[in-house]
Structures are given as C-alpha cells and as structure tokens.
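S.K.: mind folding the following:
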Amino acid sequence: MSKSPITTDGEWLHNPHAGELLVSEFMEPLELESAALASAIGIDDARLSTVIAGTSRIDGELDLRLARYFRMSEGFFLRLQDQYEIREAKRALNGDLDRIVPRAA
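M.R.: Numbers count the residues shown, from 1 in each chain. Got it, this is the predicted structure:
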C-alpha cells in the first residue's frame, strides 16, 4: 500500500459520485438532458436530478433502469455508487481502520 500523500490524501484525489459519472460518461456524450433521460427510464426528473447533484444515491431499481437504457450490465451503476461510498467512508474513518486488528483464522 502506498504511503505517498499524493495517493492517500483525500484532498488530492477527486472521488466522483455515481451521478457525476452518469452525466460525464453517458449523458454529455449523447447530449441527453436529465428530463429526457428520466422520461425514457420512467422516473421523475426530480429524482434523477438529486442523483446527478450527488445528494441521493443510485439504488437497485434505478440501476436496473439505467442499465437497461444504456445497455450496460445489471449492477454497473450500483457498483459505481458503492465505490464512491466506500472511498468516502475510508476518508471519514481516516486512520481508524488501521487500529482494527484482523481476527486470526
């Protein structure tokens, strides 16, 4: 594991929310507005807007809708959300994880 402050300092690395990746990797290249996407996948635009803003998470149902629409594997968007949350939790825990001694097998 690297001890370099460049890779371990939370200030150095941007942790993109799943909604941010949805916009930059899917919506922007297709010039797809949130209202059009929300309508296409059968959800309220306000719900999608909160995900895009990073104030709510992608859940299983939204993952299935997005995966179907963009022809991605089920769980793709949910994994993006989980990766974001794990990185945020590691940052919040700071060194607390290092103080936990793993149980011997």
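
S.K.: state which helix of this protein is the longest.
M.R.: Determined from DSSP state H, the single longest helix within the chain is helix 76-93.

S.K.: dump it to CSV, restricted to CA.
M.R.: C-alpha atoms of helix 76-93 as CSV (Å, rounded to 0.1, in the frame of the first residue of the first chain):
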residue,chain,number,x,y,z
PHE,A,76,-23.0,-1.4,-13.3
PHE,A,77,-24.3,1.9,-11.8
LEU,A,78,-24.8,0.4,-8.4
ARG,A,79,-21.1,-0.6,-8.3
LEU,A,80,-20.2,3.0,-9.2
GLN,A,81,-22.3,4.2,-6.3
ASP,A,82,-20.7,1.6,-3.9
GLN,A,83,-17.2,2.5,-5.0
TYR,A,84,-18.0,6.2,-4.2
GLU,A,85,-19.4,5.4,-0.8
ILE,A,86,-16.5,3.1,0.2
ARG,A,87,-14.0,5.8,-0.7
GLU,A,88,-15.9,8.3,1.3
ALA,A,89,-16.1,6.0,4.3
LYS,A,90,-12.4,5.4,4.1
ARG,A,91,-11.7,9.1,4.2
ALA,A,92,-14.1,9.6,7.1
LEU,A,93,-12.6,6.8,9.1
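
S.K.: and that helix, what's buried?
M.R.: Neighbour-count burial for helix 76-93 flags 77-78, 80-81, 84 (criterion: 16 or more other Cβ atoms under 10 Å). Backbone N, C-alpha and C define where each C-beta goes, glycine included.

S.K.: so how far is stretch 35-49 from its chain's centroid?
M.R.: Relative to its parent chain, stretch 35-49 has a centroid offset of 18 Å by Cα atoms, centre = their mean, to the nearest Å.

S.K.: gap between the two ends of that stretch?
M.R.: 9 Å (Cα to Cα, to the nearest Å).
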